[in-house]
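> give me coordinates for this.
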Amino acid sequence: MVAVASTFVFAASLPALAVTTGSGGPDVWGTQTGNPEGAGVISDATGLGERDPRDIAAQVINIILGFLGIVAVVIILLGGFKWMTAGGNEDKVGEAKKLIMAGIIGLIIILASFAIASFVLTQLSAAVAE
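Below you'll find the model as predicted:
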């Protein structure tokens with residue numbers, strides 16, 4: 001109970017960082033488009049840049065999916081290496097085939113998730129811009 005009360009007391013002592021735009025609503029992205037005299041207030045106060053959080057999220061998703069794509073290709077290459085060094089052993093060839101199939105399935109899932117994420121982010125940007 002004391003922790004909750006102290007949180008509210010501390011929060012009440014902080015200055016408000018909300019700046020309104022020309023349309024009257026708060027500028028949640030910190031771009032200050034309608035308020036030239038307050039431009040950069042939020043980004044200066046938080047230490048964050050001027051970039052839109054949606055762009056940052058898109059970049060993070062692209063980096064993660066790119067890394068996962070590299071991992072899938074490495075798995076496929078590992079399966080090919082196992083197959084080439086199997087020496088006719090059917091058990092090792094079976095393991096290699098399983099690795100290659102797992103890598104291909106993973107690559108298909110990664111490409112599909114990239115397409116879905118790109119579509120959703122594009123539609124979100126278009127819907128917010130209207």
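
> least confident secondary structure element in this protein?
helix 2-13 (a mean of 46; mean pLDDT, DSSP states H and E).

> longest helix of the chain?
helix 90-129 (DSSP state H).

> tell me the mean pLDDT over that one?
On average, the pLDDT along helix 90-129 is 92.

> which helices and strands does it pack with?
helix 53-84 (3 or more C-beta pairs under 8 Å, 6 or more residues apart in numbering; DSSP states H and E). Where C-beta positions appear, they are placed from N, C-alpha and C, glycine not excepted.

> now what about stretch 83-95, what contacts it?
82, 96, 97, 100 (C-beta atoms under 8 Å, 6 or more residues apart in numbering).

> out of those, who's nearest residue 66?
Checking the contacts of stretch 83-95 against residue 66 by C-beta to C-beta gives residue 100 as the nearest, at 21.0 Å.

> ok, and the closest non-adjacent residue to that closest one?
residue 79 (3.7 Å; C-beta to C-beta, 6 or more residues apart in numbering).

> thank you, goodbye.
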